[in-house]
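**Student:** coords below, sequence missing:
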């Protein structure tokens, strides 16, 4: 088995996703190919959010007094905030923080914007860079100091019920997003000691990486009235009273791109879902001396047809061996390759090579567009099913602590077990097994807590995490 | 005449482009409507650049030693750079700068990427936020401390000739961009004392605002070998020698949005070019009690038809008077309004109201899509011609210093005059008239310098500038 960490580092470089040689630890350069992958993922995300959220853009910098207003919140971030102390050669009167997240940048403005129940609900989002002074080992796209792609949505509501409903809505939106990317996920409520600082509770999406560790890929927070009270976000009700609003926020990051790469990749490199692949189809001319011109013309024709049908196509006409092109585009994860040679032309056929299954398929050039559309959909489905199957195979049930410990040691992955829900008991489990409780869902049947033996209220999940 | 400064500030707020109440001076919030305007402008820009540039994304932060490597360059920015000194509670070993521009972030990477002449030309760009600790009076979109929309392109070439050609190419690209936005411009070479720090020379695009001051809206720099020598960007030539590369960079910013607003706006508010308007067409139902349902259905139908034809359409079905809707959408600059009432339905006609000319036009619903397409093109052209005419009327020739002084005092705008090209003489002109020399172009005919009387090598332009 390949070492995942090494594989991941190498593929980012070889496939030209990220250059991690930038002279600040934990800050990386998006290379053109990686940038296009990121761009297509963000297009999907925007299409989903734009249905009923509005995109905005808030400043990066937050004045010290605003950042520190919500004491629980700032406690959660104080070790990680970058501070600006000087503008030019002048010492600033008030320190400025680089946003670690934007609650404290946005909510003072919300307080100005919201006056009446008719201003609600408010649903906005932004996609920005955020900063965390990570002291742990950094890793491109997974643990970084500049999160270059931080999507944060923030909503404001009249009642707790509406906020709860928005949490459910956010979960639906994220499901749709990850389903489009063929990324499997497990949705749990984080244990109270691991919720977002300042929130009532946190729901998280985690996926499983090939090394058996989980990666948090999205979170949804119900903020209740904590921030609205701190930042004075009040509205006038239809009956003329003034009430503090209810808020939610939900976000995801560069880790989405990390999971696309890690979950679908194989020993030959990336396998990109067609929806996000910079090129969905690579055309490789198979050229012999005599018929070179004819083949090139046919390639151009096919390219034009596919582009007109809305596909992202690259004709690789470099003067290198076809085999090297195959190798490169397999490594870069292009979902489909078309090979066109003189023999195929004569037969009015072309050869397709699928990246996911490595199958080769001969089709008539006639129905090219429809056939390819079908195959690309099939690739998305195949990647999704494979990924879900692999994750589900690695979710195991433990009935006692010894068993849980053994699974973690031998098989890794995610372990589920019955849990009472008591914080002290939970922390004692974490200590005994030496892994974190990822989160909980409702118990499905009557059973006893794996640790204390009391009646289990929850099904809990634990795993080694990134 | 309305005071421009006041008009500009008010319209940003009323039309919901920018909220300038963010608690840091010079840093502002993009509101949803403004964000869409910005988004469409960036789409146009990306479409132009993506033809032969590749989009990338570099880190925001630059280590102190990299920023200070190019001494002329850093001199130009040292008063304006924000410095990070702490990560969490820890003092950093090395200070980190917020990019004021990205030469010193990118070029150390270029030095790693470029080995051979086959790696050239390299043409990349990014659209990011940059920071300048402005000490002058700030103004949203015009002079800010967080430039939220900084497009910077950077290219690397084998020869000086290729770099020169790229400068011309960049000028062509920017012309196309501003032409699409109907923004008029004057293109000059900046005087040597006003060029980009570290460049060989700077070509600038300026436009004229209603108050008679010019606004720099884009610059193109030929960097020669200055940075390639500092950052060791060398390539192997076909004959095996190692040479320093030649570089250019060119950029534009939030000021593009400022100029769309300022150049086209009138006493009723914004007049947005259709290419960038968040909504190109507003449909307002004219409802009387009996036929309300029928009218609304017709509005929905028309909306669907126009959306299918690719237009951005909003059906304003709010329960307020039609007059208030007209007022609001005129203020927000929507290029075209459609009014649909029961009488129009019977006649199979609809009424269009153009925002630019305030004309009303009756057309048959039959050819709706084509007619509207034509009118939107005509709006773009009308805005462009109006704006160019207004700017050209305000470019005046001065034959002596007294005349120049008088024009500046009474009419403002741009003044052209013959100039010898000598730096000392140029600075003496600036001092005597108390405005800056914007730039120069080649002299068109034989004449004498306005100041020293020597033969004029250039036609120079001066203006009060932002």
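**Tutor:** That came through, no problem. Quick caveat, the model's predicted, so the values are computed rather than measured. Residues are numbered from 1 along each chain as shown, chains lettered A, B, ... in the order given.

**Student:** Would you confirm that residue A:90 contacts residue B:82?
**Tutor:** No. Residue A:90 is beyond contact range of residue B:82, at 10.3 Å (criterion: CB atoms under 8 Å). All C-beta atoms are positioned from the backbone trio N, CA, C, and that covers glycine.

**Student:** Looking at those two, which is more packed in?
**Tutor:** Of the pair residue A:90 and residue B:82, residue B:82 is the one with more neighbours under other CB atoms under 10 Å in any protein chain shown, namely 23 against 10.

**Student:** returning to what we had before: can you work out which residues contact both of residue A:90 and residue B:82?
**Tutor:** Common contacts of residue A:90 and residue B:82 (CB atoms under 8 Å, 6 or more residues apart in numbering or on different chains): residue B:133.

**Student:** Shouldn't residue A:152 be within a strand?
**Tutor:** Yes. Judged by DSSP: H, G, I helix; E, B strand; the rest coil, residue A:152 forms part of a strand.

**Student:** so what's it scoring on pLDDT?
**Tutor:** Per-residue confidence (pLDDT) for residue A:152: 98.

**Student:** go on, residue A:443?
**Tutor:** Confidence score, pLDDT, at residue A:443: 87.

**Student:** my read: it touches residue A:420, true?
**Tutor:** No. If you go by CB under 8 Å, residue A:443 and residue A:420 don't touch, sitting 9.8 Å apart.

**Student:** For the stretch 301-450 of chain A, give the residue positioned nearest to chain B.
**Tutor:** Ranked by CB to the nearest CB, the top residue of the stretch 301-450 of chain A for proximity to chain B is residue A:318, at 11.2 Å.

**Student:** Identify the residue spatially nearest to that residue, adjacent ones excluded.
**Tutor:** Leaving aside its chain neighbours, residue A:318 sits nearest to residue A:325 (7.1 Å; criterion: CB to CB, 6 or more residues apart in numbering or on different chains).

**Student:** what sits against that neighbour?
**Tutor:** A:282, A:284, A:316, A:318.

**Student:** Are any of the residues you listed buried, and if so which?
**Tutor:** Buried members of these, scored by 16 or more other CB atoms under 10 Å in any protein chain shown, are A:282, A:284, A:316.

**Student:** just those residues now: which is nearest residue B:335?
**Tutor:** Using CB to CB, residue A:282 comes nearest to residue B:335 of the buried ones among the contacts of residue A:325, at 41.3 Å.

**Student:** Look at the closest one and give its secondary structure.
**Tutor:** strand.

**Student:** Now the residue lying closest to residue A:458 once chain neighbours are set aside: which helix or strand?
**Tutor:** Distance criterion CB to CB, 6+ apart; nearest residue to residue A:458, sequence neighbours excluded, is residue A:440 at 4.0 Å. According to DSSP states H and E, residue A:440 maps onto strand A:436-442.

**Student:** Show residues contacting that strand.
**Tutor:** Residues contacting strand A:436-442 (CB under 8 Å, 6+ apart): A:186-191, A:194, A:203-204, A:206, A:214, A:414, A:419, A:421, A:426, A:429-430, A:457-465.

**Student:** Work out the gap between whichever helix or strand comes after that strand and the centre of the chain.
**Tutor:** Per DSSP H and E, strand A:436-442 leads on to strand A:458-463 as the next helix or strand towards the C-terminus. Here strand A:458-463 is found 22 Å from its chain centre; the criterion is CA atoms, centre = their mean, to the nearest Å.
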